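Enquirer: A predicted structure for the sequence below; I have some questions about it.
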Amino acid sequence: MALVVLLVWGTDQVTKLLAVDRLVEGEPVPVVDGVLDLYLLYNPGAAFSLGTGATPLLTAFAVVVVVGVAVVARRLGSRAWALTLGVLMGGALGNLTDRLLREPGPLHGHVVDFLRLPRWPVFNVADIAVVTAAVLVVLLTLRGVGVDGSREGRDGTTGTPDTDGAPDVADARDARDARDGDAAPTEGHDDEGGPRRG
């Protein structure tokens, strides 16, 4: 997970440094005509320009997210969750770094955004990471994959931890068979032809 965090955070910070160094604020540079522009701006708020007057509150929220992910990560037993939480923490740290270190000052720093799509707010690599992680969290939750690697089957049974995050059909079947075996004992016949209960 640490490697994923470092990769996402590093990519975000390097691309922001390049954007600040090579772009002029407010002057678009077309990359794919009509689809993608490089457009530098400094955002004091959150996505979609929400909360522009609450930068310290957004900074505090980002800190809470990072600490929360670190706490949850202590129970990690799934590679899929390790990847997901690594992407989330890397993205959160990317924008948190801006809020702590950029102008106008600590806790009030403006986030560097530089990617613009038609009819969409300007964003950055950290934003992409956070949105991607959110989608992965939903998918893993819907699949019943726990952070510790356990899996919940369709019948509500919980399987053993697994490191790949993939559902283990054999574990779910074994759990179901064990439950059914306890509820409905088999009936057979002994050597003398009489009924025998299993």
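Expert: Nice, I can see it.
Enquirer: This protein: strands as residue ranges?
Expert: When secondary structure is read from DSSP state E, the chain shows strands at 29-32, 36-43, 111-116, 187-189, 195-197.
Enquirer: Which stretch among those strands is buried most, on average?
Expert: strand 111-116 (a mean of 23; mean count of other C-beta atoms under 10 Å). Heads up, the C-betas are built off the backbone N, CA and C, glycines and all.
Enquirer: Check which helices and strands it is in contact with.
Expert: Packing contacts for strand 111-116, counted by 3 or more C-beta pairs under 8 Å, 6 or more residues apart in numbering; DSSP states H and E, involve helix 2-22, strand 36-43, helix 79-101, helix 125-142.
Enquirer: Out of these, which is closest to Val71?
Expert: Closest to Val71 of the helices and strands packed on strand 111-116 is helix 79-101 (C-beta to C-beta; 10.6 Å).
Enquirer: what's near enough to touch the residue nearest the centre of the chain?
Expert: In the chain, the C-alpha nearest the mean C-alpha coordinate belongs to Ala133, at 2.5 Å (C-alpha atoms, centre = their mean). By C-beta atoms under 8 Å, 6 or more residues apart in numbering, the contact list for Ala133 reads 84-85, 87-88, 91.
Enquirer: Give me the residue ranges of this structure where confidence is low.
Expert: Along the chain, segments meeting pLDDT under 70 span 47-51, 153-198.
Enquirer: What count of nearby residues applies to Val8?
Expert: 26 (other C-beta atoms under 10 Å).
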